[in-house]
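[1] Sequence and predicted structure are below.
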Amino acid sequence: MAPILKTHLDDENETLELGAALGPCLEPGLVIYLRGPLGAGKTTLVRGMVRALGHAGPVRSPTYALVEVYELSRLNLHHFDFYRFHDPREWIDAGFRESFDGRNVTVIEWPEKAGTWLHPADVEIDMQMVDDEREATLTSNSLAGQKCLALLERSCAPSPASF
């Protein structure tokens, strides 16, 4: 069974904090799927990751551009958003295969829109709205994913929003 971590996020700041805690746990080659409805905090989570890795500029949603690339001190992070895909073959036509080269961290919002063309996720993060709070469920699907979540769990242990 895949290790699972679950946490409640009271507000946007706690979503940013979870992303910030995830940032140092990321290693090149890691593939992360972000699932959840519009407004659940997926891009906010990525903003926390990217800022924790040293990016000081804006962190935009890639909804229209499809991908935002962040060249950071110790890794490159490619943030994809496939919300606007109407057919899974659009992923092939977009030419994104080179992003999955083992050197980049790839974070993908709406991965289901690319069908079966994507590399499998090492970590899946499901973000849902529950009443006025967000709930994040993180699942590892590989040894790299297990390592990432183990590091995250250790780094968040004293936090009030811990797992």
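    Thanks, I have it.

[2] Helices of the protein, residue ranges please.
    12-22, 42-52, 89-94, 143-156 (DSSP state H).

[3] Identify whichever of those lies nearest to residue 29.
    With Cβ to Cβ as the criterion, residue 29 lies closest to helix 143-156 of these, at 6.7 Å. (C-beta placed from N, C-alpha, C; glycine too.)

[4] From the rest of the structure, what touches the closest one?
    2-3, 5, 7, 18, 21-22, 24-27, 29-30, 121-123, 138-140, 162-163 (Cβ atoms under 8 Å, 6 or more residues apart in numbering).

[5] Of the residues you listed, keep whichever come out buried.
    By neighbour count, with 16 or more other Cβ atoms under 10 Å, these hold 5, 7, 18, 21-22, 25-26, 29-30, 121-123, 138-140, 163 as buried.

[6] Show only the entries of those residues found in strands.
    Judged by DSSP state E, the subset of the buried ones among the contacts of helix 143-156 located in strands is 5, 7, 123, 138-140.

[7] Now render those as a markdown table, adding pLDDT and distance to residue 132.
    Output for those, formatted as a markdown table (pLDDT from 0 to 100; distance: Cβ to Cβ, whole Å):
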| residue | pLDDT | distance to residue 132 |
| --- | --- | --- |
| 5 | 91 | 22 |
| 7 | 92 | 16 |
| 123 | 97 | 26 |
| 138 | 96 | 21 |
| 139 | 96 | 24 |
| 140 | 96 | 29 |
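
[8] Looking at those, which is nearest residue 97?
    residue 123 (20.4 Å).

[9] in the protein, what secondary structure element scores lowest on mean pLDDT?
    Sorting the helices and strands of the chain by mean pLDDT, DSSP states H and E puts helix 89-94 at the bottom, at a mean of 72.

[10] Could you export it as CSV, CA atoms only?
    The C-alpha trace of helix 89-94 is given here as CSV (Å, rounded to 0.1, in the frame of the first residue of the first chain):
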residue,chain,number,x,y,z
ARG,A,89,-3.3,13.8,-27.9
GLU,A,90,-2.9,17.6,-27.3
TRP,A,91,-0.1,16.6,-24.8
ILE,A,92,1.8,14.8,-27.6
ASP,A,93,1.2,17.7,-30.0
ALA,A,94,2.5,20.2,-27.5
